[in-house]
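J.: Pasting the sequence and the predicted model now:
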Amino acid sequence: MTARHLARLTGAAIAFVTGALVVPTGAPTASAAPCPDVEVVFARGTFAPQGLGGIGQEFVDAVRAKTGAKSVGVYAVVYPASTNFPTAVDGIRDAANHIESMATTCPDTKMVLGGYSQGAAVIGFTTANVVPGGVDPNEVPKPMPADVADHVAAVALLGTPDTKFMDMIGQPPVTIGPLYAGKTIQLCAPGDPICSDGDDGAAHTSYTKIGLTDQAAAFVASRV
């Protein structure tokens, strides 16, 4: 690895931390009904306060705007969202527990899984059908049952950390499970150093500004 490459990845890590400091535009909204037509399960980015985070709220607002009269519930994944990256497993566990519970108690609800930045990694791992290589199966949740995927209409990931970034922080690459891959959209802002080889730290917070949250919501709306 060259010094220039190391500097770029270090800069990406800084962008990953500081770029996710987005103040949410509103508190997460509770489900409009016990079993809404659609439920968005969203994991926020690093350092965003508990809830959806700014980009998550923008995404949910866009989904609501595009789904007409359908009721849209929201669940904000509970996890530290800190730079202690192994604690992302708390989010994987929390997301999986909620998704499995919804599949049982609200079988007709179409679930949408979403995440931004570290939250995109959390949701990506939640869809996995196997425990990633090199990870102790006793330290992570078991993959969700295969039939749960039938209740998930779409997955929308924004700024998913790429393999180089995950390798830099000592974590396995994010791989979408085969039961979810065909219903997943992954969007990376041009120049975003977290999800690409770019070096524009500001790009990591540009998803709403450049229309990618809206694009993700349009994809979701076409599937629910």
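T.: Arrived safely, thanks for sending.
J.: When you work out contacts or count neighbours from here on, use the C-alpha atoms and nothing else.
T.: OK.
J.: Let me know how buried residue 61 is, in neighbour terms.
T.: When neighbours are counted by other C-alpha atoms under 10 Å, residue 61 registers 15.
J.: cool, and residue 81?
T.: Count around residue 81 with other C-alpha under 10 Å applied: 27.
J.: Kindly report the same for residue 209.
T.: Neighbours of residue 209 using other C-alpha under 10 Å come to 11.
J.: would you list every one of the helices in this protein?
T.: Under the criterion DSSP state H, helices of the chain are mapped to 3-18, 53-66, 88-105, 118-126, 163-168, 178-181, 212-221.
J.: Can you name the residues that contact the closest residue to residue 183 other than its chain neighbours?
T.: Excluding its sequence neighbours, the residue lying closest to residue 183 (C-alpha to C-alpha, 6 or more residues apart in numbering) is residue 154, at 5.0 Å. Applying C-alpha atoms under 8 Å, 6 or more residues apart in numbering to residue 154 gives the contacts 111, 112, 113, 180, 183, 184, 185, 219, 220, 223, 224.
J.: just residue 103 next, same as before
T.: 109, 148, 151.
J.: quick one: it from residue 36, how far?
T.: Separation of residue 103 from residue 36 (C-alpha to C-alpha, to the nearest Å) stands at 12 Å.
J.: Check the contact lists of the two and give me the overlap.
T.: With C-alpha under 8 Å, 6+ apart, residue 103 and residue 36 have common neighbours residue 109.
J.: And the lowest mean pLDDT element among the helices and strands of the chain?
T.: helix 3-18 (a mean of 42; mean pLDDT, DSSP states H and E).
J.: Contacts made by stretch 119-134 with the rest, please.
T.: Outside stretch 119-134, the residues that touch it by C-alpha under 8 Å, 6+ apart are 42-46, 81, 88-89, 91-93, 95-96, 113-115, 137, 140, 142-144, 146, 157-161, 172, 174-180.
J.: Give the rounded mean pLDDT of it.
T.: Across stretch 119-134, pLDDT averages out at 92.
J.: Look at it and report the distance between its end residues.
T.: 21 Å.
J.: How far away from the center of its chain is it?
T.: Here stretch 119-134 is found 11 Å from its chain centre; the criterion is C-alpha atoms, centre = their mean, to the nearest Å.
J.: and the residue most central in space within the chain, what is it in contact with?
T.: Centroid-nearest residue in the chain: residue 115, 1.7 Å away (criterion: C-alpha atoms, centre = their mean). Shown in contact with residue 115 (C-alpha under 8 Å, 6+ apart): 42, 43, 44, 45, 56, 121, 122, 123, 156, 157, 158.
J.: separation between residue 49 and residue 40?
T.: Where residue 40 is concerned, residue 49 sits at a distance of 18 Å (C-alpha to C-alpha).
J.: what about the two, which has more around it?
T.: Set side by side, residue 49 and residue 40 show more neighbours around residue 40, with 27 against 16, by other C-alpha under 10 Å.
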